[in-house]
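Student: Just to be clear, the model below is a prediction. Sequence and coordinates:
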Amino acid sequence: MPHLVVDYAVSLESQLEISTLLLSLDQAAIESGLFESAAVKTRAQGFMHYTVAGKPQAFVHVCARILSGRSSEQKLLLSQQLLGVLASQVPGQVSRTVEVVEKERSCYLKG
Ligand SMILES: O=C(O)C/C(=C\C=C(/O)C(=O)O)C(=O)O
C-alpha cells in the first residue's frame, strides 16, 4: 500500500484535528489517480522536541512511500496535492513539507 506518514509538532494539536488531516491526505492520494482507494494507509506521529532553522517553530512533514515506477510528473503531482492539503488545513507560521519516497517494487512484500 502507499503509506502516508505524517510527522508533526504536537503543539499543532491545539489547533488541528490530526485524524481529519489524515482523512484529507488519504482523499488527496486517491484523487491523484495513482492508487486504489483501498490501498492507501495513513499514520501520524507527533514530536515534542523540534526546531526549524534553530527555532522551536511548528512543522508538519508528509512522507508518501509509494511503489517505484511512477514518472517524475506523477510524483510531483502527488506532492502538490498533498501540500495543498497542508496549506489549506494547517494554520499559522508552520513549516509544511512533503516528500515522495519510492519503495523498491521487486522487494516490497505483503503477508
Ligand atoms: O501492491 C499494490 O498494488 C497495492 C499496494 C501498494 C501500492 C503502492 O504502494 C503504490 O501503488 O504505490 C499494497 O500494498 O497492497
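Tutor: Yes, it's here.
Student: Point out where the protein drops to low pLDDT.
Tutor: Applying pLDDT under 70 to the chain picks out residues 1.
Student: buried set for the longest helix along the chain?
Tutor: Secondary structure of the chain per DSSP state H: the longest helix is helix 72-89. For helix 72-89, burial by neighbour count (16 or more other C-beta atoms under 10 Å) applies to 75, 77-79, 81-82, 85-86, 89. C-betas here are computed from N, CA, C, even on glycine.
Student: from those, which is closest to Ser14?
Tutor: When the buried residues of helix 72-89 are ranked by distance to Ser14 (C-beta to C-beta), Gln89 comes first, at 14.3 Å.
Student: Could you look up the SS state of the nearest residue to that closest one once chain neighbours are set aside?
Tutor: Nearest non-adjacent residue to Gln89, counting by C-beta to C-beta, 6 or more residues apart in numbering: Leu21, 5.6 Å away. At Leu21 the chain is in helix, as set by DSSP: H, G, I helix; E, B strand; the rest coil.
Student: Neighbours of Leu21, how many?
Tutor: 21 (other C-beta atoms under 10 Å).
Student: Is the ligand within reach of stretch 102-111?
Tutor: Yes. Using C-beta under 6 Å from any ligand atom, stretch 102-111 reaches the ligand at Lys110.
Student: Off-centre distance for that stretch?
Tutor: 19 Å (C-alpha atoms, centre = their mean, to the nearest Å).
Student: do the same with stretch 40-52
Tutor: With C-alpha atoms, centre = their mean, you get 10 Å for stretch 40-52.
Student: buried residues in that stretch?
Tutor: Quick answer for stretch 40-52 (16+ other C-beta under 10 Å): 40, 42, 44, 50.
Student: And Met97, how close does it get to the ligand?
Tutor: Check again: residue 97 is Thr, not Met. Taking C-beta to the nearest ligand atom, to the nearest Å as the measure, Thr97 falls 20 Å from the ligand.
Student: what bridges to that residue?
Tutor: His61 (DSSP bridges).
Student: Confirm for me that it is in contact with Val52.
Tutor: No. Contact criterion C-beta atoms under 8 Å: Thr97 and Val52 do not qualify, at 9.8 Å.
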